[in-house]
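Chemist: Starting from these lines, generate the structure:
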Amino acid sequence: MRNIFENKELEAQFQKDGFVKIPFISPDEVAQLKQMFFDTLPESGGQITSSEIEINDEHLISYDFTFIDKNSDYKRKVFKIISDYFKPHMDGLLANYRPIIANYIRKKPHSGEVPLHQNWAFADERKCTTISIWCPLVDSTVANGTLQLVPGSHKRFGESRGPMVPWELEGMKNEIIEKYLIPVETKAGDCIILDDSILHYSPENSTNELRLAIQLICVPNEFPSIHYYMDPSKSKSEISVLEVSDDFYMEFNPWKKPEGQKIIKKIPFKYQPIDEEMYLKKMKQPPFDKPRKGLLNKLINVLSSND
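Modeler: Model prediction:
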C-alpha cells in the first residue's frame, strides 16, 4: 500500500486513527475563499430537490453542498477556485494526489445535521486510499456542527460504497453517534485530512451564525476513479463497478443512474446488517486493505488481489 503523506509522523498517525488535523491555509486565504463563496453563489443553479428526483425527503440533505448543485458550470468554477488555492499546500504534504470533487459546505443557523456515514469509495480501496481535506472557513466548534469521527474505523466497513448501495451500519447509527464519536474542533484555516472510509458525522449548527467549510476529495495520481452503483429498480444482489473520468462528478446526479460509463465488472452483494457486537469485533480486526494471517485468509488475500 502506497503512502498518503510525505511526512512519516503524519503517515503513522493517519494509519492509526484514519485522520490527522494540521494547519493548512493562511488567514488571508481563508478570507479570500470565503469571499469567493459569496461572489460565485449567484451562479449556483440551486440544489436538487425531492420533487425533481421522485424520492423521499429523508434521502436529501439539510445543508448547502456544491456537489448536488444543478449547474455544472458553477461546480466546475468552484472546483477550480478551491483546487488552485489548495494545490500549493498539498504539494510536499501529500504523496502525489489529485483532486476530483470540491465542495463549499454551508450550514445555516439551526440546521445542517449530517448523518453518520462513510464517503463513497472513489477508487479501489484495497489498493489505495482516497482522502478528503476538510477545511473550515470559520472556527468549527461543537456548537456550530464541527466534524466528529470514530478514530480507527477506516477500512473496516462497507468496501463497495456508493449511492443506492444499502449500508451495513444503518441500524447502528444512533448507537455510534451516542457512544463512539469524538468531536474535532478546528480553527479556521486548519484542516482535517480523513480517509474517505472513516465513520464521521456532524450535528446541526445550533448557533445564529453561518458555518462555512470546504471539502476537497482526492485520489492517488496513478489510480483511476471508479464508481459503485446499484440499480434500485433491479435486484439488490449486484453492484456495478464503473470506470469514470474525473469530470464525471461535475455532471453526475447521485440519485439517477449514470449513463454511458464503462462497466469494469459486476460484483455480488448481500446486505448483512451489523449489530453492536459485530461492530466491536470489526473495530478490533485489521483493516480490509491489510494482509490477513492464516491459511484461509491467505487464500482470500490472493483472490482479492486478482480482482
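Chemist: quick one: contacts for I105?
Modeler: Counting by C-beta atoms under 8 Å, 6 or more residues apart in numbering, I105 touches Y63, D64, F65, T66, L212, A213, I214, Q215. The way it works is simple: take the backbone N, C-alpha and C, and place the C-beta from them, glycine included.
Chemist: Can you get me a residue count around E175?
Modeler: Counted with other C-beta atoms under 10 Å, the neighbours of E175 add up to 14.
Chemist: where's the dip in pLDDT among the contacts of I105?
Modeler: Among these, Y63 has the lowest pLDDT, at 71.
Chemist: What distance do you get for that residue to P115?
Modeler: 11 Å (C-beta to C-beta, to the nearest Å).
Chemist: okay, the two: which has more neighbours?
Modeler: Comparing Y63 with P115 by other C-beta under 10 Å, the one with more neighbours is Y63, at 19 against 13.
Chemist: Just list the residues touching the more buried one, thanks.
Modeler: Applying C-beta under 8 Å, 6+ apart, the residues near Y63 are I105, R106, K107, K108, S111, G112, V114.
Chemist: hang on, the earlier thing: switch the contacts of I105 over to CSV; also include distance to V241.
Modeler: Below are those laid out as CSV (distance: C-beta to C-beta, whole Å):
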residue, distance to V241
Y63, 29
D64, 31
F65, 25
T66, 26
L212, 35
A213, 30
I214, 29
Q215, 24
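Chemist: which one among the residues you listed gets closest to K234?
Modeler: Nearest to K234 among the contacts of I105, counting by C-beta to C-beta, is F65 at 27.9 Å.
Chemist: Quick one: residues contacting that closest one.
Modeler: Contacts of F65 (C-beta under 8 Å, 6+ apart): Q47, N103, Y104, I105, R106.
Chemist: so how many other residues sit close to the last one?
Modeler: What it means is R106. R106: 19 neighbours (other C-beta under 10 Å).
Chemist: Is it bridged to anything, and to what?
Modeler: Here R106 sits in beta bridges with D64, L212, going by DSSP bridges.
Chemist: For stretch 126-139, C-alpha coordinates in PDB please.
Modeler: C-alpha atoms of stretch 126-139 as PDB (Å, rounded to 0.1, in the frame of the first residue of the first chain):
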ATOM      1  CA  ARG A 126      -7.800  -2.500  -1.300                       C
ATOM      2  CA  LYS A 127      -5.000  -0.900  -3.400                       C
ATOM      3  CA  CYS A 128      -5.000   2.700  -2.300                       C
ATOM      4  CA  THR A 129      -6.600   5.300   0.000                       C
ATOM      5  CA  THR A 130      -8.700   8.200  -1.100                       C
ATOM      6  CA  ILE A 131      -8.900  11.200   1.200                       C
ATOM      7  CA  SER A 132     -11.000  14.300   1.900                       C
ATOM      8  CA  ILE A 133      -9.400  17.600   3.000                       C
ATOM      9  CA  TRP A 134     -12.000  19.300   5.200                       C
ATOM     10  CA  CYS A 135     -11.100  22.900   6.000                       C
ATOM     11  CA  PRO A 136     -13.500  25.200   7.900                       C
ATOM     12  CA  LEU A 137     -13.500  28.900   6.900                       C
ATOM     13  CA  VAL A 138     -14.800  29.800  10.400                       C
ATOM     14  CA  ASP A 139     -13.700  28.300  13.700                       C
END
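Chemist: So D231 is in contact with P163, correct?
Modeler: No: contact criterion C-beta atoms under 8 Å: D231 and P163 do not qualify, at 10.6 Å.
Chemist: And for the nearest residue to S153 once chain neighbours are set aside, the neighbour number?
Modeler: Distances taken as C-beta to C-beta, 6 or more residues apart in numbering place L199 nearest to S153, at 4.2 Å, with adjacent residues excluded. By other C-beta under 10 Å, 27 other residues sit near L199.
Chemist: correct me, but L199 touches F157?
Modeler: Yes: using C-beta under 8 Å, L199 makes contact with F157 at a distance of 7.2 Å.
Chemist: got any residues that touch both of the two?
Modeler: Contacts common to L199 and F157, judged by C-beta under 8 Å, 6+ apart, are Q118, L169.
Chemist: how about the strands in this protein?
Modeler: 19-23, 64-65, 97-107, 114-117, 131-136, 148-149, 182-183, 190-195, 200-202, 211-220, 225-229, 238-244, 262-268 (DSSP state E).
Chemist: and the first one, which strands flank it?
Modeler: Okay, so that is strand 19-23. Strand 19-23 is paired, per DSSP bridges, with strand 190-195 (antiparallel).
Chemist: And for the fourth one?
Modeler: Each strand that pairs with strand 114-117, with its direction, by DSSP bridges: strand 200-202 (antiparallel).
Chemist: From the chain's centroid, how far away is the strand it pairs with?
Modeler: 11 Å (C-alpha atoms, centre = their mean, to the nearest Å).
Chemist: Cool, thanks, signing off.
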